[in-house]
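S.K.: structure here, sequence nowhere to be found:
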């Protein structure tokens, strides 16, 4: 595969920035001191130098074009885990937990980026501690890094751990972006579209023989269509089975649909529902989750005061292993390709390894 380069004679003034950064590619005309004009091709091995030189041109005289490589093959498995529990673990405990999760047979380990470690750093530790399990960000916030940096990080991990890193991206929430990151929260769909385009056009990052996969957090129809058009697919978070049915219809048959499913493995139904209710109540303070549930037919009154029992039951599977297995089966039947389980406990600070083990025996 080659990359096509074009140097515009009307813009180039021969200041040499492109030669300084991409000297393997850009040839200086001895008479004029400018680049070779017109179009030419360079091999994939020189992609980085070509893009770096083009980005360095102060006049914007160099344009590049390349055919996309084949998409990377990533096997997520039917069931994985989604967790916040690893963010604050000491590194030794983190790596030991990752190794055991892999040994239990979970296909993919998803983790959020919220209160603890930066997403790419944590992904590197998890990938380094394991040998075959996929590690996925669920999600890395796009306001935490510009599109070029996100693309560089993705390409770096995809090259270091082929077939094992999946980049999941999202917008977070207005509160998290404005209050915590001190940035302006933009129109969600337009902001994500521009960001994905920026990643695709990013001139920096290591060369790869494949195109790394990416998914985006998507709830509404417009974001789901964007996930199908400009990503591998979507990750749905805090959704009932009805949303999975709708998401599959919008995404079509080819796009990936990964669904986070919150579960409480506790045969004491009252205690399990209490744990589930506390989890749901926290998210019903966030507008986009409320709007998503209203679009699925829940009334505003159902979502007040932490949500009714019907809302909690729709969003969280709780009870014994059979009850949880039944919900996972329904999510798959509704159109999910991959279900990642978020195990909730009455003690949010405890790593639910015992529950992960029990569920693995039943589901994998």
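M.R.: Alright, I've got the coordinates. These figures come from a predicted structure and were not determined experimentally.

S.K.: which residue ranges of this protein form strands?
M.R.: Assigned by DSSP state E, the chain shows strands spanning 2-7, 38-43, 62-66, 79-83, 108-111, 134-137, 140-141, 165-170, 214-217, 233-236, 256-265, 316-319, 338-343.

S.K.: how far out from the middle of the chain is the shortest one?
M.R.: If you compare the mean C-alpha spot of strand 140-141 with that of the full chain, they lie 7 Å apart, counting by Cα atoms, centre = their mean, to the nearest Å.

S.K.: format the strands of the chain as a markdown table; extra columns: mean neighbour count and mean pLDDT.
M.R.: The C-beta positions use only the backbone N, C-alpha and C, and glycine is treated the same way. Below are the strands of the chain laid out as a markdown table (neighbours: other Cβ atoms under 10 Å; pLDDT from 0 to 100):
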| stretch | mean neighbour count | mean pLDDT |
| --- | --- | --- |
| strand 2-7 | 19 | 80 |
| strand 38-43 | 14 | 78 |
| strand 62-66 | 17 | 81 |
| strand 79-83 | 23 | 98 |
| strand 108-111 | 25 | 98 |
| strand 134-137 | 26 | 98 |
| strand 140-141 | 24 | 96 |
| strand 165-170 | 26 | 98 |
| strand 214-217 | 25 | 98 |
| strand 233-236 | 25 | 98 |
| strand 256-265 | 25 | 98 |
| strand 316-319 | 22 | 97 |
| strand 338-343 | 25 | 98 |
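
S.K.: redo those as JSON lines? Include distance to residue 274.
M.R.: Below are these laid out as JSON lines (distance: least, Cβ to Cβ, whole Å):
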{"stretch": "strand 2-7", "distance to residue 274": "58"}
{"stretch": "strand 38-43", "distance to residue 274": "62"}
{"stretch": "strand 62-66", "distance to residue 274": "55"}
{"stretch": "strand 79-83", "distance to residue 274": "20"}
{"stretch": "strand 108-111", "distance to residue 274": "25"}
{"stretch": "strand 134-137", "distance to residue 274": "30"}
{"stretch": "strand 140-141", "distance to residue 274": "30"}
{"stretch": "strand 165-170", "distance to residue 274": "29"}
{"stretch": "strand 214-217", "distance to residue 274": "27"}
{"stretch": "strand 233-236", "distance to residue 274": "25"}
{"stretch": "strand 256-265", "distance to residue 274": "9"}
{"stretch": "strand 316-319", "distance to residue 274": "10"}
{"stretch": "strand 338-343", "distance to residue 274": "16"}
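
S.K.: mind checking which of the ones you listed is nearest residue 152?
M.R.: Residue 152 sits nearest to strand 165-170 of all the strands of the chain, at 11.5 Å, using Cβ to Cβ.

S.K.: and that closest one, what does it pack against?
M.R.: strand 134-137, strand 140-141, helix 147-160, strand 214-217 (3 or more Cβ pairs under 8 Å, 6 or more residues apart in numbering; DSSP states H and E).

S.K.: show residues contacting it.
M.R.: 74, 76, 108, 110, 123, 127, 134-142, 150, 153-154, 157-158, 192, 195, 212-217, 235, 258 (Cβ atoms under 8 Å, 6 or more residues apart in numbering).

S.K.: residues of stretch 295-309 that come out buried?
M.R.: 298, 302, 303, 306, 307, 308 (16 or more other Cβ atoms under 10 Å).

S.K.: to clarify, my last question referred to stretch 348-356.
M.R.: So, applying 16+ other Cβ under 10 Å, buried residues of stretch 348-356: 351, 352, 355, 356.

S.K.: same deal with stretch 92-104?
M.R.: Buried residues in stretch 92-104, counted by 16+ other Cβ under 10 Å: 94, 95, 97, 98, 101, 102, 104.

S.K.: list the contacts of residue 197.
M.R.: 147, 230.
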